[in-house]
Structure formats: C-alpha cells, structure tokens
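Chemist: Quick one, what's the 3D model for this:
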Amino acid sequence: MQLRAHTSGQPCQARRKVVARAATLVRSPMPLTARPLKPSPRQDKTQQDRGSLELLYTEQQMCSLISKYSPEYVRSKALETPKDAFMVLARVAKIATGLGTYFACLAFDRLTGSEDNVDKVRQRAQQLRETLTDLGPSFIKAGQVLANRPDIVREDYMNELCTLQDDVPPFPDEEAFAIIQEQLGRPLEAVFSSISEQPVAAASLGQVYKAVLRDTGEEVAVKVQRPDIEPIILRDLFVFRALGSLFNAFSQQRLGCNAELVVDEFGEKLLEELDYMQEARNIEEFGRNFASDPTVKIPWVRRDLCGSKVVVMEWIEGIRCTDINGIRTSGVDVEEFIRVGVVSGLRQLLEFGLFHGDPHPGNIFCLRDGRIAYVDFGNVAQLSNSNKQVLIDAVVHAVNEDYDEMAGDFIKLGFLSPGTDITPIVPALEKIWRDSKGQSLADFNFRTVTSKFNELVYQYPIRIPERYSLVIRSLLTQEGICMTLKPQFHFLEVAYPYVARRLLTDDDPALRDRLIQVLFQGGKFQWARLTNLIQLAREGSGASTVAAATSNGNGFSNGNGVSSSNGSSPAGTALVRAPQKGLDLSDTVRDAARLLLLDEKLRRQVIMALTEDNQLHVAEVRQVLALLQNDVSPGRVVQQVVTDLPSIGRQVMLSWADKVLVS
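Modeler: From the prediction side, this is the model:
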C-alpha cells in the first residue's frame, strides 16, 4: 500500500538500549565464626539452577552472543505478579489438555497393538505437529528444534515436524503495523513510501513485509515480532523447566545430562531470537566476515530503524536456491554456485565460528550475478576456537580412521559426558564411518551418516548439544539444496579442496599440528596424502583442475581421483568469482623449515620418512617438488629463512642449553 508522509512526524526514537543480563556466580568465603545453615528448598533449587546454567556456559565455551537467559530470570518474569501466576496455571491447563490428549492417543495405540503401524505412526506424527501449532510459538519452535534432534525424536516424527519450518499462520496485519509504528516512534508514512499490505513470509516468532524507504528509495524487508510473544514464551519456559525437573533421572540415564540443561539450551536460543537488536548485530558481523568475499552477499541493516521487535534490512531480490531452472535461465553456472555455497558454509563453521543456524531454501538465494545471498539472521550460533579445533580434530581423525580418538572427540564436543566408557562405542563409530564412506570417500553424504548415527544415539547415552544440532541441521540442509541442484553431488568433492588449502596455507599453529597428524600415521609418512593435499588445495585455489591421485583409501582422495573442476561457464554468465591468487605455499615451506630446525622429534620423523623400508624415497620427493615448482617462490623462502635465522639460532641455543642442564 502507498503511504503519504506527514510533515508533523515526531523525531525518530527507534534506538533502544540493549541490556545484557549476565549470569554471574559469586562465591564468598564463609567466616570462620559463621555457623553453616541448612539451605532452604528455594535456596537449594537456586543453586541447582546456577549449577545447570554454569554447565551450559562451560559446555558452550562462547560469550560473543548476548543472552539474558537464566532460570532465575525466567522464574521472576513468569511469576512477577499474582495475575502472572494465574496465567501460568491457565497455561499449564491448556498444555496438559493438548499434550494429554495426544499421549492418550499414543497409549490407546499401544493397547491396541497398532503403535508400529506405518499409517498410524504417520497419523500420530501429523497430530503432534497440529498440537504444537495450536499451543503457540514456543511449541512451534520446540517442534522445529526437535526436527533436528535425532537423539530425542525418531526419524518419521522428525520428517513431519520439518514442515513447521515453512507452514506457520500469520497474525493480523493491523497488529503488525501498530508494532512497527510503535518501534519506529513515528508514523509508517514518515519512514516508508510504501509497504506490502500482507506479509511476504511468516514464521513462528514473526513475519516479514516488503517496503520502500522514503529517504533513499531503497527496498527493504521489515521483520516484525508477533504481539505479546515474550510473556507467553517465558511462561512456557518456566513450565518446560518445571516439567524437565521431573525427568532429570531418566534424562541423566538416557542422555548423560539432566533435562533442565536441554531446556536451558532451548531457552537461551529462543530468547536470543526474540531480540531483534541482536539480529541486527548478527547481520553486521556476517557482513564484516564476508566483506572481502565477492561471491557472498549479506544484506545491509538500518540500525537507526531497528528495535527490540522490528528489524529493517536490505531487500534481497534473488532466485530461490533450489530453483534450478531459474538459476540456469539467469546464466549462472550451477556447479560454481554449488561450490560457492559449500565454501561459504565451511568458512562460517571453520574460520569465523559464527554460522547461520537455519539455512533452508527460503533463507538462501542465488543472485543474477552468481553470488549467494543469505537472509534471516535470528537463528545464529557461534563456536569458540576450542570448539572449531575439536571439529577439525574430528575431521583429521576420520580421515586417519582413528576411531578411538573420534570417540574422545565426542566427549570433548559434549556428545558424551566425561568419564563415559567409550570401549563399546569405538566399533560402532567404525562401522558407521565405513558404511557411510562406501567404496570411496566420494560416496560419502551427510544424510547417510546422520541416518546411521540416529540409530547409535538410541543405543548409547549420547546427547547432541544445541549448537551441534544446528551444525548438523546446517550441513544437512545445505547438502539437500546441493543435491536438488545436482543429484550426483558429493559434498567431499567440493569440501576437500577447501580443507586441504586451509591445512596447507593457514598460519594457525593448531592447523599446522593437524597437518602433521594427517601426514604421519602409524609412525609412517603418507606420501600419497601429501600429493593429494597439494593437488586438492590447487583445485580449491582455482590454480589447476588436475584430478587428485588415488591414495588407496587413505583419505583426501576418492580412490578414483577427485576433481572439483567445474568446467566452463555457459555463455553469457555473469558469475562473480573470488579473486584467484593461485596456491602459494611459500609460507608453508618456510614454516616447515623452521619446524625442522627447532623440533628434534619432527626431524627424526622426516629422516625416517625419507629412508623408510631401507630405501631412499627419491621418486616421492621428486614428485612433491614437481608439484611445488609453481606454488613456491624459492627466493622469498630463502629471504624469509635468512631473516628468521637470528631468532631460530637463539631458540636452538636455548634448547641445547636446556638439554645440557638436564643431563
């Protein structure tokens, strides 16, 4: 609808203060003369809540995303007045009626012996989805979360709950416009010259309108939160947590943690999504992360027009990422678009640690110049550096087929509680990996491994932390999009060149350690892996389209020669490619020389590699040098080593002095 500006509009007051409520655990020493008192039930409960929250924060190891969630905050808001307490009771009654009816139907199916009937299971899964929709936003959101939690919900129910991501009824437009106007602090016509009469998209927590800014004429997306949603969600979280406390013993046995922790994970993410100022900050951070990448488009955001319930961002006019005909018609190379999407997703996980938690087809678009565009940054998660390093460790251990270490990674990632006996889990992991890999790594896909992993979580006390359920959901969704565009798509054919390039060229010491782990296995140097890494890294840089040599199933190859060459783009393509600087391994060679001079153990390993099996591996060395001739600048390496000689000499002398003193 067209809007006419008023000259008497009030000044904009859309800027809001964002108050971060940090959960701080204060422990003061007890005076020697003080007499210890038995804590009251309420004090004891508060201590339990704080312990659960502390476990949540310790497990997450992240602090960049602001969250006001804590059990005390939820309880204080849910029971703030007597009226609120009455509303909680009314809410409990409605929940009990809805879920009670559903579970009664399940009990009836069990009594009649029809609980495993395929049609009956499908009917009950649909009934659960309808029940959650009727119970409101918190339950819709819970259903969306459960759709990605194979450790809690069986697969047939997960498939039905996935429809909650797209099929949510909108709320009245009049209420939406009133909220937008209240957040802006002035009439709509003072800010927008036009705004769509109906939402262009609706979700569990809000809906989106398309508008045109009056001051610049730019098209924007206006996302507005559902009315009075926060009190409802806080009441629901209070009820969830109270119910969760009744199932702590079962959850501890089944998942290795108490049920309240699962609610805390869910509640924290939910309150983050309710804060639209946080979403605006997410957009800005994504924009900074991809600022130098010409293949990725992140919309700008108008912070001066955003509030806690409204966010105004650039309107993205693109092609839905699963519309293969539309992408081809626009002249975009489909295979190159797939590569751009996979690499941008991997960069979010392994470089930035900040990743889009809901990359479904409605949130990813292909622009007509070939770039990939992301929208909707409410559901964003962050991994700490230690989280990222453990993920990379898991990749390295999978490549090396080191299943004992893989099981240890499960504990570090929080899938298993500390102290869990991993002995029976190791052979199960080995079977999953070997079955998922098939005859070669090119056969690997996340859908297969996730399906097999779903069976494992019902046999062992495995719990998938919220952030990793988002990682799994993100990878599965992106793989599904790629397979829609190219049914023969193999994730590792695109991902390995990127991973190989990072292992060889990144100056992060932790990644260099992982590189050494990949190259040495069982005390032997893996020459095939080194050549494959160089070839794959060259593919990832666009410097060559040579296929990787086989490695007899020892990783970083598909056994038949992996090639991620995308061929030539169709005529008329407007695809924007990232600047290809080629593969420069000069810094890697310099660092390797430095390590050889300083690390006696590594020197011994390299000497053993060169003389393994009582023979000089001259042919292998020549092959590596031939691969490196275009990727290394000898003059630059020599200059850097000479520059570093004083520092290297000092460290060598200190190391020698330490040995003398020890002896």
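Chemist: Contacts only, for the residue nearest the centre of the chain.
Modeler: The centre of the chain sits closest to V471, judged by CA atoms, centre = their mean, with a distance of 3.5 Å. Residues in contact with V471, defined by CB atoms under 8 Å, 6 or more residues apart in numbering, are L349, F355, A381, L383. C-beta: built from backbone N, CA, C; applies to glycine.
Chemist: just these now: which is nearest A202?
Modeler: Set against A202, the nearest of the contacts of V471 by CB to CB is A381 (23.1 Å).
Chemist: helix, strand or coil for the closest one?
Modeler: Following DSSP: H, G, I helix; E, B strand; the rest coil, A381 is assigned to strand.
Chemist: in the sheet, who's paired with it?
Modeler: A381 has these beta-bridge partners by DSSP bridges: F355.
Chemist: And the helices in the stretch 151-300 of the chain?
Modeler: Ranges of helices within the stretch 151-300 of the chain are 155-161, 173-184, 188-191, 229-246, 248-255, 259-274, 276-289, based on DSSP state H, counting those that start in this stretch.
Chemist: Can you say which of those is nearest to V208?
Modeler: It is, among the helices of the stretch 151-300 of the chain and with distance given as CB to CB, helix 173-184, at 9.7 Å.
Chemist: for the closest residue in space to V121 that isn't next to it in sequence, what are its contacts?
Modeler: Using CB to CB, 6 or more residues apart in numbering and skipping residues adjacent in sequence, the residue nearest V121 is D156, 5.5 Å away. Residues near D156 by CB under 8 Å, 6+ apart: V121, R122, A125.
Chemist: Mind checking which of those are buried?
Modeler: Among the contacts of D156, those buried by neighbour count (16 or more other CB atoms under 10 Å) are V121, A125.
Chemist: List the ones among the contacts of D156 that fall in helices.
Modeler: If you go by DSSP state H, the contacts of D156 have V121, R122, A125 in helices.
Chemist: Does the last one touch L164 like I think?
Modeler: I take that to be A125. No. When contacts are counted by CB atoms under 8 Å, A125 is not listed as touching L164 (11.6 Å).
Chemist: Do you have the strands of the protein handy? List them.
Modeler: Along the chain, counting by DSSP state E, strands occupy 192-195, 201-202, 206-213, 219-225, 296-297, 310-314, 319-320, 354-356, 364-366, 372-374, 380-382, 520-521, 524-525.
Chemist: Include mean neighbour count when you put those strands into TSV, please.
Modeler: Listed next are the strands of the chain as TSV, based on neighbours: other CB atoms under 10 Å:
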stretch	mean neighbour count
strand 192-195	20
strand 201-202	18
strand 206-213	21
strand 219-225	24
strand 296-297	22
strand 310-314	25
strand 319-320	17
strand 354-356	23
strand 364-366	23
strand 372-374	22
strand 380-382	23
strand 520-521	17
strand 524-525	15
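Chemist: how about a markdown table for those, with mean pLDDT and distance to T448 added?
Modeler: Shown next, in a markdown table, are the strands of the chain (pLDDT from 0 to 100; distance: least, CB to CB, whole Å):
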| stretch | mean pLDDT | distance to T448 |
| --- | --- | --- |
| strand 192-195 | 96 | 46 |
| strand 201-202 | 88 | 32 |
| strand 206-213 | 96 | 35 |
| strand 219-225 | 97 | 36 |
| strand 296-297 | 96 | 28 |
| strand 310-314 | 97 | 37 |
| strand 319-320 | 92 | 26 |
| strand 354-356 | 91 | 22 |
| strand 364-366 | 94 | 23 |
| strand 372-374 | 96 | 25 |
| strand 380-382 | 87 | 24 |
| strand 520-521 | 72 | 25 |
| strand 524-525 | 76 | 30 |
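Chemist: Out of the ones you listed, which gets nearest to L475?
Modeler: strand 354-356 (9.9 Å).
Chemist: of the contacts of D156, closest to L205?
Modeler: Of the contacts of D156, the one sitting nearest to L205 (CB to CB) turns out to be A125, at 23.3 Å.
Chemist: Excluding chain neighbours, what is closest to the closest one?
Modeler: Leaving out its chain neighbours, the residue that sits closest to A125 by CB to CB, 6+ apart is E160, at 3.8 Å.
Chemist: same thing with V208?
Modeler: Using CB to CB, 6+ apart, the closest residue to V208 is A201 (4.5 Å).
Chemist: related to what we said a few turns ago, the residue nearest to A125: how many residues sit nearby?
Modeler: 21 (other CB atoms under 10 Å).
Chemist: Check it and give its pLDDT.
Modeler: E160 is assigned a pLDDT of 83 by the prediction.
Chemist: was I right about it contacting R129?
Modeler: Yes. Between E160 and R129 there is a contact under CB under 8 Å: 5.4 Å.
Chemist: and the two most separated of the contacts of V471?
Modeler: Counting by CB to CB, the most remote pair of the contacts of V471 is L349 and A381, 9.8 Å apart.
Chemist: hey, what's in contact with both of those two?
Modeler: Shared contacts of L349 and A381, defined by CB under 8 Å, 6+ apart, are found at F355, V471.
Chemist: re the thing from before, for the residue nearest to V208, give its distance to E155.
Modeler: Going from A201 to E155 by CB to CB, to the nearest Å gives 28 Å.
Chemist: do F192 as well
Modeler: Counting by CB to CB, the gap from F192 to E155 is 45 Å.
Chemist: The spatially closest residue to D506 that is not a sequence neighbour and E493: what is the separation?
Modeler: Leaving aside its chain neighbours, D506 sits nearest to R512 (7.7 Å; criterion: CB to CB, 6+ apart). In this view, R512 and E493 are 25 Å apart by CB to CB.
Chemist: S292 too?
Modeler: Per CB to CB, S292 is found 26 Å from E493.
Chemist: Now P461. Its backbone dihedrals?
Modeler: Taking degrees, to the nearest 10, you get phi -80, psi 70 for the backbone angles of P461.
Chemist: With the one 3 residues further on instead?
Modeler: Backbone dihedrals for I464, given as degrees, to the nearest 10, come out at phi -100, psi 110.
Chemist: my guess is it contacts R473, does it?
Modeler: No. Counting by CB under 8 Å, I464 stays clear of R473, with 10.2 Å between them.
Chemist: quick one, what contacts L161?
Modeler: Going by CB under 8 Å, 6+ apart, L161 touches A125, L128, R129, L132, G143, Q144, L146, A147, V153.
Chemist: Could you report the pLDDT at the nearest residue to it once chain neighbours are set aside?
Modeler: Counting by CB to CB, 6+ apart, L161 lies nearest to A147, which is 3.8 Å off, once chain neighbours are set aside. Here the pLDDT value assigned to A147 is 73.
Chemist: Also the one 10 residues further on?
Modeler: Note on Y157: pLDDT of 83.
Chemist: show me what contacts the nearest residue to it once chain neighbours are set aside?
Modeler: Of all residues not flanking Y157 in the chain, A125 sits nearest, at 4.7 Å (CB to CB, 6+ apart). Contact partners of A125, counting by CB under 8 Å, 6+ apart, are D156, Y157, N159, E160, L161.
Chemist: Pipe those residues into CSV and attach distance to E115 per row.
Modeler: As requested, those are arranged in CSV below (distance: CB to CB, whole Å):
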residue, distance to E115
D156, 12
Y157, 13
N159, 18
E160, 16
L161, 18
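Chemist: so which of these comes closest to P169?
Modeler: For the contacts of A125, the minimum distance to P169 (CB to CB) is 16.5 Å, reached by L161.
Chemist: For the nearest residue to D173 once chain neighbours are set aside, give me phi and psi.
Modeler: Spatially, and ignoring its direct neighbours in sequence, D173 is nearest to Q198 (6.2 Å; CB to CB, 6+ apart). Torsion angles at Q198 (phi, psi; degrees, to the nearest 10) stand at phi -130, psi 160.
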